[in-house]
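> predicted model follows, preceded by the sequence.
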Protein chains: 2
Amino acid sequence: GDTIILANYLIERLRQLGVTQMFGLPGDFNLGFLDYVEDSDAIEWVGNCNELNASYAADGYARVKEGSIGVITTTFGVGELSATNGIAGAFSEHVPILHIVGVPSTSQQKTKPMLHHTLGDGRYDAYYKASQQFTISQATLTSASSAAAEIDRVLTECVVTARPVYLMLPTDLVHERVPTKRLKTPLNCEPPENEEEVENFVLDEIVKLIDEAKQDVVILVDACSVRHGVKHEMEQLVAKTKLPVYAAPMGKTAVPETYERYGGIYVGSITKPEIKEKVESAKLILSIGALKSDFNTGNFTYHIPTNRTIELHSDHTKVQFAIYHGIGMKRLLPKLTARLENLHVTASQISVPHFTLPIPQEDDQIISHTWLWPRVGQFFKPKDVVIAETGTSSFGVLDVPMPKGSIFISQILWGSIGWTVGATLGAALAARDLGLGRTILFVGDGSLQLTVQELSVMMKTGVKPIIFVLNNSGYTIERYLHGETRKYNDITNWNWTKLLGTFGGIEGTSCQSYTVRTKDELSALLDNAEFAKADKIQLVEMIMEKNDAPRGLKVQAELSGQMNKYGS
Amino acid sequence: GDTIILANYLIERLRQLGVTQMFGLPGDFNLGFLDYVEDSDAIEWVGNCNELNASYAADGYARVKEGSIGVITTTFGVGELSATNGIAGAFSEHVPILHIVGVPSTSQQKTKPMLHHTLGDGRYDAYYKASQQFTISQATLTSASSAAAEIDRVLTECVVTARPVYLMLPTDLVHERVPTKRLKTPLNCEPPENEEEVENFVLDEIVKLIDEAKQDVVILVDACSVRHGVKHEMEQLVAKTKLPVYAAPMGKTAVPETYERYGGIYVGSITKPEIKEKVESAKLILSIGALKSDFNTGNFTYHIPTNRTIELHSDHTKVQFAIYHGIGMKRLLPKLTARLENLHVTASQISVPHFTLPIPQEDDQIISHTWLWPRVGQFFKPKDVVIAETGTSSFGVLDVPMPKGSIFISQILWGSIGWTVGATLGAALAARDLGLGRTILFVGDGSLQLTVQELSVMMKTGVKPIIFVLNNSGYTIERYLHGETRKYNDITNWNWTKLLGTFGGIEGTSCQSYTVRTKDELSALLDNAEFAKADKIQLVEMIMEKNDAPRGLKVQAELSGQMNKYGS
Ligand SMILES: Cc1ncc(C[n+]2csc(CCOP(=O)(O)OP(=O)(O)O)c2C)c(N)n1
Ligand SMILES: Cc1ncc(C[n+]2csc(CCOP(=O)(O)OP(=O)(O)O)c2C)c(N)n1
Ligand SMILES: [Mg+2]
Ligand SMILES: [Mg+2]
């Protein structure tokens, strides 16, 4: 037909972007819209336990489903504000999420009655104003005539900037008809062209510096290379040039860690010595998609002078001290690769340390961090999706080499604990959609407590993650930062292996839970083919020491301690 | 001493306000402050499972501990933003909460490094700006010299306006010393004086209208009478004048429901006929602390013309159409009472319906709403604190007469589901502090899923609420509003009676769970003295029909349906 119902217009745009699932909760201002979602073949309504978890799920979904976006639908006030932290985290870490909020009708927006879910003082724009702090773009739909264009605008911004956007959908507009016409043209989500003259100048500058460095160059990949969709362009660059590649923590698995020219993780002072030496002694660093936050840089301890650094970003390029606005890496990279055609001859001679993590010999049976991470590393398979929570886990996994085609996700800049539980749900759904492997989560006992109910939605949707719970009696990462023996770092011990059964699973049938207390027990479990198959959701409680942490965290804690004076 | 550490200054001010518990979670920007809290004798650190739940707990605490405030401490970004919805709800419903946020040091606030928990773009003021939408007053502590005055300013605003306030506490200032001097003067939290001339004018106007009405006047009490601390003044008024008193839903228990001149709940068109007639036929309504939201007024169906209405508010008075700014009820009420000395002679003649709810005879064993609410009404005792979640519960409890000294709390304007679970924790702690009775929660299966982990903190703190879970297979209230058979209104069924045991309780020892499927089973449990004693935390799963609802909800749903066009 010539026209289409607005709700279906939106759903169709999402389908075009590859969205298959929508997260969120119903509420009386979005129920009308949800009718269309439930009736659509394109998009499945997930239905989360709460809105924060839903936003985390949308985030995890978007991270795994590169090029697509995560979508969450909530209700006015109570629903949307519950998701604030999740949306802000997506902003911080460059994750594209569309936040659809069902709001009162266009006429109520004008007369402003004291409806439930309002602040009681007639400020109908308060939530919108708050959302402006955490989304890159916002739209309030006010009439059918402008609605389709507004939807297209925020969706395009969402994908191009890889940031969350906010869409207010009034109850009455949901059913209005809009022209079908725009749908025939897919959204143009390509980044804007680089200005040719500037781009050429930048290319010349970069090539000149590489020559001057006598090809002694290393590539350092980071978060935004994945989030701004240049994985393919980057692969071309490293394959053609044979330059050594390292990754910042947030760039882990952006380049396959099995790649022969890949040397491991660089995190400033926290870097293992053999890697640190290689990176910091290079004459030039070509950094791709950097997000130089404290935990991503070993507390800002890159020992790399700016005049030896080239930084490629999604919307600008930095060559030594010079910034070139509007020169984005997506279009620059292929041209750079073309200009470096002969580099491989010399570059391939530069030695790269082999990224491995052998299992240490330890005489006791305690599941220590030094032993745990290399051991689970052996359990990982190609195409697994591995998720690590802020805490000892996120530091521990960093040193583990990941198999080919596997994906590592973590929230190293935003660092909101509990995020992984929702993110695992979203990631597992995306992985299922893409035909990836198992989804494997490492989460601390403290963090799991924030968002635990989402285990229930995992079971409802039938995803089958393996969830390793590090039971170390509380907030160990914090004990390292401050307050080692403080009560505020203790938590209540739960019956972790009862969780799945309580939240709707049938232990032994639809779910399986385990407690492991020793190295041998964990090893046996990991070697068990039935377990490794992951054909049901599984939770493994690992009993660990309260005061043990991975190497990286110990160093980080010292560095942070110097910066934050906790005093007394 | 002459000086005191800033953290202790703040703690001392809280102690002066009667605060005994602090809610929240640790995070590396507040750990220094938490040391002082943990070391203080005045305030107990609760330590919640997540920040939203913590904000709900602070809200529940403040509601029960009238005259004091709720306090929540969170960490920069991730922590504080998780609490947004809870703080906004407190704003909406006039609940005083101090939100303390541990933030980076004063020097980091200036240099703005890309720390974890930042948005990655240097906007260190984004969270503060968002908080401005949901708090009445904010303070960023920037130096020791102004810190104490700033703390006093926001605390005073918090109490006087009965709204949440926001306090940014940088890591370095926590340990600074400030003069002790201000502490010697307790905060002046009295509302400002009314301007005498205007006040006298208003009193004359009111008395004149009452005379004209030939004493045919009823009093209607609402939320703000409690929240703005005029319960006592109101009691004097009703005792002296003997006028009939009714309550809006949000004013339930503001006046004891056993009071002989009390006639029950008035909610516009949803009101029971015998009450409706009495209220709407009165010549004059004296409304105290009204918050006229949709669900508090039967969807704006008060059949009371403005020229028959006098409204007393915390900061203004409305006589018919005239608004008198700055004339607050706290000071007006005693003077009004004094002016109405002889009213009781005639007023006591006005008949008031007796507020009762007999248990109906039903032939089946189904736990229906018509039967449930009068039945549990018989279970309530003086001084109980009863909490009802948005959903069938909040509508159901309204019709139940509450015993003397009992307190009813619900979130009728904000209506964020899951709120009661945190609020029950806070309310139970406040109740324990004040020597009140049992804390009794009615919560839907859907709502409990949002915030369930806080059951664990109830057990940690040793409070012993009775938690009735209405298991009606999903979001029944929504089924009444729209989408009766829609999948989005279904939820996963949990093993509800396993929750306490999973979250750290020992079933039969520190906790006890029950499932009741019939009227007889529930009756037997309610009659069981051991159960009624509530000497451990107890959870009662009640199996109910998916499509059953209390009378009030059915009417409300019809009224809302007319207003919100869900269409299709
Ligand atoms: C939402 C949120 N609240 C609080 C914090 C502060 N915080 C950071 S790590 C941490 C403790 C994590 O403990 P756990 O998950 O048990 O990890 P582990 O013991 O393995 O370090 C806390 C409370 C945070 N980052 N995010
Ligand atoms: C935070 C939040 N999310 C969503 C909603 C929309 N909502 C209102 S009531 C309700 C269902 C409540 O279901 P339940 O607790 O089971 O109550 P009952 O079945 O007894 O009506 C929902 C989802 C809300 N009010 N608050
Ligand atoms: Mg832990
Ligand atoms: Mg229900």
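That came through, no problem. Ligands and ions are numbered 1, 2, ... in the order given.
> drop to CA atoms for contacts and neighbour counts, all remaining ones
Will do.
> just the element for residue A:60, please.
helix A:51-64 (DSSP states H and E).
> quick one, that helix and helix B:51-64 angle?
Angular relation of helix A:51-64 and helix B:51-64 on a 0 to 180 degree scale: 170 degrees, by axes from the mean of the first three to the mean of the last three Cα atoms, to 10 degrees.
> list the contacts for whatever residue of the stretch 201-350 of chain A ends up closest to ligand 2?
Among the residues of the stretch 201-350 of chain A, residue A:227 lies closest to ligand 2, at 29.7 Å counting by Cα to the nearest ligand atom. For residue A:227, the contacting residues are A:63, A:66, A:94-95, A:162, by Cα atoms under 8 Å, 6 or more residues apart in numbering or on different chains.
> do the same with residue A:219
With Cα under 8 Å, 6+ apart, residue A:219 has these contacts: A:243-246, A:285-288.
> on that earlier part again, wait, does the helix holding residue A:60 contact ligand 2?
No: against ligand 2, helix A:51-64 shows no contacts by Cα under 6 Å from any ligand atom, the least distance being 6.8 Å.
> run the chain-centre distance for the helix or strand just after that helix.
The C-terminal neighbour of helix A:51-64 among helices and strands, as given by DSSP H and E, is strand A:70-75. Here the centre of strand A:70-75 is set off from its chain's centre by 17 Å, with Cα atoms, centre = their mean, to the nearest Å.
> pairing partners for strand A:70-75, with directions?
When pairing is defined by DSSP bridges, strand A:70-75 lines up against strand A:21-24 (parallel), strand A:97-103 (parallel).
> only alpha carbons, please: show it as PDB.
Output in PDB follows, covering the C-alpha atoms of strand A:70-75 (Å, rounded to 0.1, in the frame of the first residue of the first chain):
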ATOM      1  CA  GLY A  70      20.200  -2.900  20.000                       C
ATOM      2  CA  VAL A  71      16.600  -1.800  20.700                       C
ATOM      3  CA  ILE A  72      14.800  -1.300  24.000                       C
ATOM      4  CA  THR A  73      11.200  -0.300  24.600                       C
ATOM      5  CA  THR A  74      10.100   1.100  27.900                       C
ATOM      6  CA  THR A  75       7.300   3.100  29.400                       C
END
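> before we move on, the earlier item: residue B:35: which of the contacts of residue A:227 is nearest?
Lowest distance from residue B:35 to the contacts of residue A:227 (Cα to Cα) belongs to residue A:94, with 34.8 Å.
> next up, the contacts around the closest one.
A:161-164, A:224, A:227.
> quick one, phi/psi of it?
Per-residue torsions, residue A:94: phi 60, psi 60 (degrees, to the nearest 10).
> let me know the pLDDT of it.
On pLDDT, residue A:94 comes in at 98.
> and the gap between it and residue A:465?
25 Å (Cα to Cα, to the nearest Å).
> against residue A:495, how distant is residue A:144?
In terms of Cα to Cα, residue A:144 sits 52 Å off from residue A:495.
> rewinding a little: helices or strands up against the helix holding residue A:60?
strand A:21-24, strand A:70-75, helix A:78-82, helix A:84-92, strand A:97-103, helix A:419-434 (3 or more Cα pairs under 8 Å, 6 or more residues apart in numbering or on different chains; DSSP states H and E).
> can I get those in TSV with distance to ligand 4 and mean neighbour count?
Formatted as TSV, the helices and strands packed on helix A:51-64 follow (distance: least, Cα to the ion, whole Å; neighbours: other Cα atoms under 10 Å in any protein chain shown):
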stretch	distance to ligand 4	mean neighbour count
strand A:21-24	17	26
strand A:70-75	18	29
helix A:78-82	17	26
helix A:84-92	25	28
strand A:97-103	21	27
helix A:419-434	23	27
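> can I get those in a markdown table including distance to residue B:421?
A markdown table is the format used below for the helices and strands packed on helix A:51-64 (distance: least, Cα to Cα, whole Å):
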| stretch | distance to residue B:421 |
| --- | --- |
| strand A:21-24 | 20 |
| strand A:70-75 | 20 |
| helix A:78-82 | 15 |
| helix A:84-92 | 20 |
| strand A:97-103 | 25 |
| helix A:419-434 | 21 |
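> between these, which gets nearest to residue A:448?
Distance to residue A:448, taken as Cα to Cα, is lowest for helix A:419-434 among the helices and strands packed on helix A:51-64, at 6.9 Å.
> just to revisit the earlier point, in helices, which of the contacts of residue A:94 fall?
Judged by DSSP state H, the contacts of residue A:94 include A:161, A:224, A:227 as members of helices.
> my read: the second one touches residue A:287, true?
In other words, residue A:224. No: the criterion here is Cα atoms under 8 Å, and residue A:224 misses it with residue A:287 at 10.5 Å.
> coming back round to it: between the strands paired with strand A:70-75, which one is closest to residue A:506.
For the strands paired with strand A:70-75, proximity to residue A:506 was assessed by Cα to Cα; strand A:21-24 is nearest, at 24.5 Å.
> how near is the spatially closest residue to residue A:523 that is not a sequence neighbour to residue A:401?
Setting aside the residues directly before and after it, residue A:523 is nearest to residue A:375 in space (Cα to Cα, 6 or more residues apart in numbering or on different chains), at 7.7 Å. With distances taken as Cα to Cα, residue A:375 is found 11 Å from residue A:401.
> tell me the pLDDT at residue A:154?
Looking at residue A:154, the pLDDT reads 98.
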